[in-house]
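Peer 1: this one's sequence-less:
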């Protein structure tokens, strides 16, 4: 008997589940000590408010993880400023006015769509998971109201597999939906018989386990355009439902799961290192240090006591101002502390501060909080900017991987969705069939280009200084190219810089106007000379001799 789709997917899921087991103890420990509510290893954990932070005494690690997520959000994909722009592979095409305007219009529409959707609510959760567990996942799905709808996945709820290129192309997710949600999403005819009976009996809020699998559609028919023959297969089914019944079988044109990794070791599917993993040891040590400090203070303020046996079963009080009566016993001190504690906590506090600093360094807190922690009022603005850019360079490798595994697929999928919904203006004829490329202009992306900006600025300043002594040095500077390069590295809007053909036209018009003004000036000078000559007195010998010489000169030429 042929294997059903559900049986085949359950077999593949069992393999992915077995492969992921070695990562789970580490993730659970990270969750216990840094992000207690950032994981979901069991579907039964949904909508549960059990206290999970029982192992956390000092929350420095949790706050450092929050700072990293917020810093990456504001530095990489801030909704308050442009963080990407579209460009053509041909730099000369970017000087063409209609191309500039079209790319700017498309970019603005994409930004409007991102702002309208819940993307900027999901990205901080993705960054938080990425920084603490080294792996994050977020689904980018089509939505009738907002065009796109994103859904971040908590660690432990999904299972990944790589393509031959080493990028994630398979995702299985086990999660829960209520009976009402299942019927609304998939229809009453597609749910199992047990869910139908719950719906008919009014049990709407019962949680049901659901599996969603997305994987390459290897056996698709490329001549068909239906949803089942798209590049990526999408299958929903109830984990405990009817034998071979599926909730939905469809597909995606692009892989809809953004699954970035902080750092990957070889052929591993899940991330192998990240700030959370580096900080886990110091975070656990910090809890012990805080516990010992509290115990030391507690023993000094509320010490254990010793007393003579005569006080056994007698009234004894440790309350402030109270009195305990005892008989004076020779050689004994009566009711007293078992030992005296001199709570010198200075060394312990210094060790705690050192451990906190290690945790903050692992999470790049000093990078994101630099302007707050350093007194920059007495520093030149250039020095502050240079210091900040130097710090941001530390995230360069992570930023490149994030671009490749998250932001590039995100923008490609969003652009394709808008194309399918006819939300983009028609492109210029010159761009017919031309691919586009994405350039990132966020704060962190600009920090990577800051070295080029500094080099360009210093070169122009050097030529300017030489020109003061030797003006012909300016002939060596291509001003147009310098302006274009500076604007490109600065990330300003392409519409700010005038296209080269318009610049040439303006220069030609200016040259023609200057030439006309020169000709008019020469004509006015000649007319003024003739007028002066006509008004001259011919009785003046010098004038007569000049006229005679002129006439004789003309006559000599005619001979």
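Peer 2: Received it, and whenever you're ready, just let me know what you need. Keep in mind it's a predicted model, so treat the numbers as computed, not measured. Numbering: from 1, shown residues only.

Peer 1: And the strands in the stretch 451-559 of the chain?
Peer 2: Counting by DSSP state E, counting those that start in this stretch, one finds no strands in the stretch 451-559 of the chain.

Peer 1: That one: helices as residue ranges?
Peer 2: Under the criterion DSSP state H, counting those that start in this stretch, the stretch 451-559 of the chain contains helices at 479-490, 500-534, 541-558.

Peer 1: can you tell me which of those helices the model trusts least?
Peer 2: For these, mean pLDDT drops lowest on helix 541-558, to a mean of 50.

Peer 1: what residues are up against residue 205?
Peer 2: 178, 179, 180 (C-beta atoms under 8 Å, 6 or more residues apart in numbering). All C-beta spots, glycine's among them, are computed from the backbone N, C-alpha and C.

Peer 1: For the stretch 1-150 of the chain, which residues score under the pLDDT cut-off?
Peer 2: Where the stretch 1-150 of the chain drops to pLDDT under 70, the residues are 1.

Peer 1: One more pass at 80, please.
Peer 2: 1-2, 43-52, 91, 94-95 (pLDDT under 80).

Peer 1: I'd guessed residue 337 sits against residue 307; true?
Peer 2: No - using C-beta atoms under 8 Å, residue 337 makes no contact with residue 307, being 10.6 Å away.

Peer 1: And these two? Which one has more around it.
Peer 2: residue 307 (17 against 14; other C-beta atoms under 10 Å).

Peer 1: How much space separates that one from residue 319?
Peer 2: 15 Å (C-beta to C-beta, to the nearest Å).

Peer 1: now do residue 513
Peer 2: Distance from residue 513 to residue 319, by C-beta to C-beta: 99 Å.

Peer 1: One more: residue 351?
Peer 2: Taken as C-beta to C-beta, the span from residue 351 to residue 319 is 34 Å.

Peer 1: Compare these two (neighbour count), which wins?
Peer 2: residue 351 (15 against 7).

Peer 1: Next one: the more buried one from residue 218, what distance?
Peer 2: For residue 351, the distance to residue 218 - C-beta to C-beta - is 57 Å.

Peer 1: ok, now residue 202?
Peer 2: In this view, residue 202 and residue 218 are 43 Å apart by C-beta to C-beta.

Peer 1: In the stretch 151-300 of the chain, what residue spans correspond to strands?
Peer 2: Using DSSP E, counting those that start in this stretch, strands in the stretch 151-300 of the chain cover 158-162, 168-178, 207-216, 232-238, 248-252, 257-258.

Peer 1: Deepest in the core, which of those strands is it.
Peer 2: Each of the strands of the stretch 151-300 of the chain was assessed for mean neighbour count using mean count of other C-beta atoms under 10 Å. The highest is strand 257-258, with a mean of 24.

Peer 1: Pull up the pairing partners for that strand, direction included.
Peer 2: When pairing is defined by DSSP bridges, strand 257-258 lines up against strand 137-143 (antiparallel).

Peer 1: Residues touching the partner strand, excluding its own?
Peer 2: For strand 137-143, contacts defined as C-beta under 8 Å, 6+ apart pick out 117, 122-123, 125-126, 129, 148-153, 158, 160, 171, 256-259, 406, 410, 413-414, 417.

Peer 1: Thank you kindly, that will do.
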